[in-house]
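S.K.: fold the following for me, if possible:
(2 chains)
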Amino acid sequence: MTETAPIDTSQSNDDEIIICLPGERLCRVEDNIIVGEGTYEQGGYIYASKSGIVKIEESTETCQVVSVHKPGFHLTIPATGDVVTARVLVTTPKFVKCAIFCVRNVLLESSYRGLLRKEDVRETEKDRVDIYKSFKPGDVILARVINQMEQSFTLSTAEAELGVVIAYASDIRKNRIPMVPIGWAEMQCPKTTIKEPRKVAKVLPESSIKSNT
Amino acid sequence: MLRVTQTKNTLLDGATIASQLYTTPQDCEDFFENLEKPTTVVAAPRPTFIRVGVLTTVRGSAYMEYGNTKVMAIVAPPRELIRSSVRRVNMGVINCYVNFAAFASEDLEVVPEREKHLSSMLTKALQPLVCRNEFVNFQLDIRVLILDDDGCLLSTAINCCGVALVECGISTYDLITASTACIYRDHVFVNPSAKVEELLWQHRAGNALLGSSNKSEVEHQQKDEAVQQHGLLIIASMETFEQLAQCQQCGYLKPETYVQLLEYTLEINKSLRHLIKRVLTERVKEQHVLDVREKELERQEDQRLAAIIEKLQQQGLHEFIQSNIKEDPYTAK
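M.R.: So this is what the prediction gives:
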């Protein structure tokens, strides 16, 4: 090991920020330290794998998370468990193909392929799911990433909060008036009052989410 | 410059480049005589200029001047693997594309070959650097444009790509630095210029050996006994774990010379590393300031929106929205 200084102590004038570069040793691996984003573990030490600012956050059970936050642009690749926003491209009896264009609250530059299988559409009564009664091409859906396959990400909407968010009635495409949800499985066009079946997401207002957590 | 065959420059239609038609072994000698030979070996990098984020349209870009060698690297965010190129791999795939600018090289005939060679070498050098497990089933495209060639092409390209990768936010295990050193007729050249590299190339092609055979037999035998050392060494190193990411060597070198050259390159790598560190630290600071400013603006916008929502809620719109969302009978249970 040639680097003897454990942390680059170049700090800005005003507030104390620790800047690190890839390959810099941050700290020793201990039981109460969790390896966070932008870091990796090697030979009993935690090293930075990105350039940025070191963050040490207090986790719940007296644990500390060491992570490196890169200012400016940072890369987002959907990870297992992330909620993503996707547009439905193709529906078949067994699965739905969609294009993921937003991960959590980060808009992606290029879309990734997503695959939603029939079994993962609903939480209960999985055998009675009909894809054609749940999604139509063009719908914008919220889904959770459950796996990363070779070709695409496997998605799931088996939660009340996941499903179709924005949809247009199939006959009146020109007006582009989004339908209004009138139930967990139905949406209605406010202009033509046409009802269409969908797997509707129960979108919670932001204020209620904040109060819950 | 030394040239075996005349090449017609297809870009300059009709015009021909005034260059030598043939090189004889004697030319090599003359050429070497004219060459500036270093008396002492100074293991220091050439005057270097690195700028991160030169292009605003791409996420990770870097421009580097290493003496007269000018190189630009572009890293795009990982893309999904194309179906045709899928192999069962549990690591991300790195693709490097090296291109010469049309004005960078005089010898257009060998350009495609050199591009191909440099691309594959660059890919090999960067593979141990990138945390490839973080983007399984993805491919990372790295493009390098060579604007000017004055030797040390591969090492400069590696340096430049290393910086561009960090700028793009691709996880890397370490910072990578690379440098070149070569030996020719007992003269050690660190950071050899294009002329020296070409001379070595000629030597490998057999011109220099032919030159020796022309001379008297006695001399020839002497040459045989002590075959001249000639060779080029390109070393890319990652210092934290003292690893060599790439080690490319050609020519004939004795072990002692090899170690000596290796030490020179590592010395240069070390000082280059300091430079790159400083550049990147500056960049992070710069970005941080921008980030803080942006957050402040965002916060103000959020406050404004919150005030509007507050106002709407008082008007009873909130109840209207809530009443439209009904419980899922299955999950309500």
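S.K.: count residues in the vicinity of the closest residue to A:Val121 other than its chain neighbours, would you?
M.R.: Leaving aside its sequence neighbours, A:Val121 sits nearest to A:Val129 (C-beta to C-beta, 6 or more residues apart in numbering or on different chains; 4.7 Å). The C-beta positions use only the backbone N, C-alpha and C, and glycine is treated the same way. Using other C-beta atoms under 10 Å in any protein chain shown, A:Val129 has 17 neighbouring residues.
S.K.: show me the contacts for A:Val129.
M.R.: A:118-119, A:121-122 (C-beta atoms under 8 Å, 6 or more residues apart in numbering or on different chains).
S.K.: cutoff 6 Å now
M.R.: When the contact criterion is C-beta atoms under 6 Å, 6 or more residues apart in numbering or on different chains, the partners of A:Val129 are A:118, A:121-122.
S.K.: same deal with B:Phe100?
M.R.: B:111, B:146.
S.K.: beta partners of it?
M.R.: Residues in a beta bridge with B:Phe100, per DSSP bridges, are B:Ile146.
S.K.: A:Leu107 and A:Val84: what is the separation?
M.R.: For A:Leu107, the distance to A:Val84 equals 11 Å [C-beta to C-beta, to the nearest Å].
S.K.: the more surrounded of the two?
M.R.: Between A:Leu107 and A:Val84, counting by other C-beta under 10 Å, A:Val84 is the more crowded of the two (24 against 9).
S.K.: pLDDT below threshold where in chain A?
M.R.: Low-confidence segments of chain A (pLDDT under 70): A:1-15, A:73-74, A:150, A:172-175, A:204-213.
S.K.: which SSE is immediately downstream of the longest strand anywhere in it?
M.R.: The longest strand of chain A (DSSP state E) is strand A:106-117. Tracing the chain past strand A:106-117, the next element assigned as helix or strand by DSSP states H and E is strand A:140-148.
S.K.: and that following strand with chain B, contact?
M.R.: No: using C-beta under 6 Å from any C-beta of the partner chain, strand A:140-148 never reaches chain B; the gap is at least 6.6 Å.
S.K.: which strands and helices sit next to that strand?
M.R.: For strand A:140-148, the packing partners by 3 or more C-beta pairs under 6 Å, 6 or more residues apart in numbering or on different chains; DSSP states H and E come out as strand A:83-91, strand A:153-156, strand A:163-166.
S.K.: residues near the residue of chain A found nearest chain B, how many?
M.R.: Chain A approaches chain B most closely through A:Gly23 (3.3 Å), counting by C-beta to the nearest C-beta. If you count neighbours by other C-beta under 10 Å, A:Gly23 ends up with 24.
S.K.: what does it show for phi and psi?
M.R.: Note on A:Gly23: its backbone torsions stand at phi 90, psi 0 [degrees, to the nearest 10].
S.K.: check contacts around the closest residue to it other than its chain neighbours.
M.R.: Spatial nearest neighbour of A:Gly23, excluding adjacent residues (C-beta to C-beta, 6+ apart): B:Asp174 at 3.3 Å. Residues in contact with B:Asp174 (C-beta under 6 Å, 6+ apart) are A:22-23, B:238, B:240.
S.K.: next one: the host helix or strand of B:Lys311 to chain centre, how far?
M.R.: Using DSSP H and E, B:Lys311 falls within helix B:255-314. For helix B:255-314, the separation from the chain centroid amounts to 20 Å (computed by C-alpha atoms, centre = their mean, to the nearest Å).
S.K.: so that helix, near chain A or not?
M.R.: Yes: applying C-beta under 6 Å from any C-beta, one finds helix B:255-314 touching chain A at B:277, B:280-281, B:284, B:287-288, B:291.
S.K.: which one (most neighbours) among these?
M.R.: With neighbours defined as other C-beta under 10 Å, the most crowded of those is B:Val284; it has 26 neighbours.
S.K.: correct me, but that residue touches A:Ile17?
M.R.: No: using C-beta atoms under 6 Å, B:Val284 is not in contact with A:Ile17; the gap is 9.0 Å.
S.K.: give me the most central residue, chain B.
M.R.: B:Ala157 (1.8 Å; C-alpha atoms, centre = their mean).
S.K.: wasn't that residue part of a helix?
M.R.: Yes: with DSSP: H, G, I helix; E, B strand; the rest coil as the criterion, B:Ala157 is part of a helix.
S.K.: helix, strand, or coil at the spatially closest residue to it that is not a sequence neighbour?
M.R.: Closest residue to B:Ala157 apart from its sequence neighbours, by C-beta to C-beta, 6+ apart: B:Val144 at 5.1 Å. Of the three states, B:Val144 takes strand according to three-state DSSP.
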